[in-house]
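J.: A predicted structure for the sequence below; I have some questions about it.
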Amino acid sequence: MVPTVISRPGFLRSLTSIAAALLVAALLLGLSGYNVATAFGTLWSGATGLIAGPAQGSQQVPLGPVHLDLFQLAQTLTQFIPLLLCGLAVAVGLQAGLFNIGGQGQFIAGAVTAAAVGIAWPTLPTIVHLPIALLAGTLAGAVWGGLAGFLKAWRQVNEVVSTIMLNYVADNIANYLITHSLKDPHNQAPQTAAVSASATLPMLVGHTNLSIGLFLALLTVPALGFLVKRTALGFRIRAVGLNSKAARVAGLPVKQTQVITMALSGALAGLAGTIQVLGAQHRYFPNLAGTYGFDGIAVALLAGIDSTSVFYSALFFGALTGGAGYMQDQTNIPDSIGRIIQAIIILFVGMRFLFYRRKRAQIPTHPETTPVQDSTVP
């Protein structure tokens, strides 16, 4: 159960978790016989695209003694897009005291729906086909998230349980579709056909998977911040998250707010899947979702619920993923070190969260006199 009233996280505490994780990773690398400085230097180069030496080729921009490798930077930003959207999906749920761990299923629902719409109506102009595909995938994620919200509001089904189950349901439905009605007739592999060019997001960097979906993802950050902090719906979401019983007594539509919040959360994860299909992979296939839905939980827990903080957290995790692959190519150090760093960060955040709950449990509180404050993960 997510606490409804928790303090705003300190920036230094998040940095402490990251620093501790990097220190443990450095110890593991050293004990394994790797050069720590080389490993972290290569990880940084792969994450940022800033590589020593002169530029070679059209995708490398000279910057004095170093050059900017656009391909490597695009790798990081491509990972950043779904991490940001899935992190925001978890964060907005936490605003209402709901722990949405169903981003994986909502991602899949959006992705397979976008693929189906992207394949259909190939003669439509791009100005019509692309918005329809984007909207369809986003709405599919919203429906999948809203279903868990409905079960929570009207049947008191814990959203953690329902979203876990719906992850498997979405995955199995998608796998059935790509082996039957949506299967590519020209390929034996279980996958959809490629989406039509009219439903494809334009690329930002040639020969990469980075599309203008990056700008769509970036727009969600201020949009979500405005919705939560400056609108009536946002006030209801925060009020329900602070104390659902008090919100109900005050006359707020708690059940409707829970459903809307989960639908909004699902829409964000569904948009992540949609961009992945229309902008990066151009078709749906098994494991396209990877672990983005679950990684979004780590992104949100590290950042708290503020959308701007989620942006930085997602950028960090995206850099880890993008840089780890380059590090393995250049040094033969397994890219799993990136996952290890993420896991250690989650461990430290979880320890901080547990300590905070225990500390609060020792302090007697009176809901009727508790001041209103933003809810977030410490």
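T.: Received, thanks.
J.: Okay, and His67 sits in which element?
T.: Using DSSP states H and E, His67 sits within strand 66-69.
J.: CA-only coordinates of that strand, as CSV, when you get a sec.
T.: Provided in CSV are the C-alpha atoms of strand 66-69 (Å, rounded to 0.1, in the frame of the first residue of the first chain):
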residue,chain,number,x,y,z
VAL,A,66,36.7,15.1,-28.9
HIS,A,67,33.7,14.5,-31.2
LEU,A,68,30.0,14.0,-30.7
ASP,A,69,28.9,10.6,-32.0
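J.: Now do the same for that strand: mean pLDDT, whole number.
T.: Across strand 66-69, pLDDT averages out at 94.
J.: cool, stretch 223-231 as well?
T.: For stretch 223-231, mean pLDDT rounds to 95.
J.: which residues sit in contact with the residue nearest the centre of the chain?
T.: Among the residues of the chain, the one closest to the centroid is Cys86, at 2.2 Å (C-alpha atoms, centre = their mean). Shown in contact with Cys86 (C-beta atoms under 8 Å, 6 or more residues apart in numbering): Gly103, Phe107, Leu268, Ala269, Ala272, Tyr292, Gly293, Asp295, Gly296, Val299. Every residue, glycine included, has its C-beta placed from N, CA and C.
J.: Pretty sure Gly137 sits against Ala272.
T.: No - at 9.2 Å, Gly137 does not count as touching Ala272 under the criterion of C-beta atoms under 8 Å.
J.: which residues are common contacts for those two?
T.: Gly110.
J.: In terms of neighbours, single out the busier of the two.
T.: Using other C-beta atoms under 10 Å, the more surrounded residue of Gly137 and Ala272 is Ala272, with 34 against 31.
J.: For the more buried one, give its distance to Leu88.
T.: 9 Å (C-beta to C-beta, to the nearest Å).
J.: got a pLDDT number for the closest residue to Pro334 other than its chain neighbours?
T.: Of all residues not flanking Pro334 in the chain, Gln328 sits nearest, at 6.2 Å (C-beta to C-beta, 6 or more residues apart in numbering). In this model, Gln328 is scored at 91, pLDDT.
J.: Tell me how many other residues crowd Gln328.
T.: By the criterion of other C-beta under 10 Å, Gln328 has 18 neighbours.
J.: how much space between it and Thr192?
T.: Separation of Gln328 from Thr192 (C-beta to C-beta) stands at 30 Å.
J.: remind me which residues of this protein are low pLDDT?
T.: Residues of the chain meeting the criterion pLDDT under 70: 1-11, 352-378.
J.: now the strands: where do they sit in it?
T.: Along the chain, counting by DSSP state E, strands occupy 50-52, 60-63, 66-69.
J.: Please identify the deepest-packed of those.
T.: strand 66-69 (a mean of 19; mean count of other C-beta atoms under 10 Å).
J.: one step back: my read: the residue nearest to Pro334 touches Gly338, true?
T.: No - using C-beta under 8 Å, Gln328 is not in contact with Gly338, being 9.2 Å away.
J.: For His180, give me its contacts.
T.: Shown in contact with His180 (C-beta under 8 Å, 6+ apart): no residues.
J.: Ok, which of the strands of the chain comes nearest Met165?
T.: Relative to Met165, the nearest member of those by C-beta to C-beta is strand 66-69, separated by 42.7 Å.
J.: Pull the residues that contact the closest one.
T.: Strand 66-69 has contacts (C-beta under 8 Å, 6+ apart) with Gly49, Leu50, Ile51, Ala52, Gly53, Pro54, Ala55, Gln56, Gln59, Gln60, Val61.
J.: what lines up beside that strand in the sheet?
T.: According to DSSP bridges, strand 66-69 forms sheet pairs with strand 50-52 (antiparallel), strand 60-63 (antiparallel).
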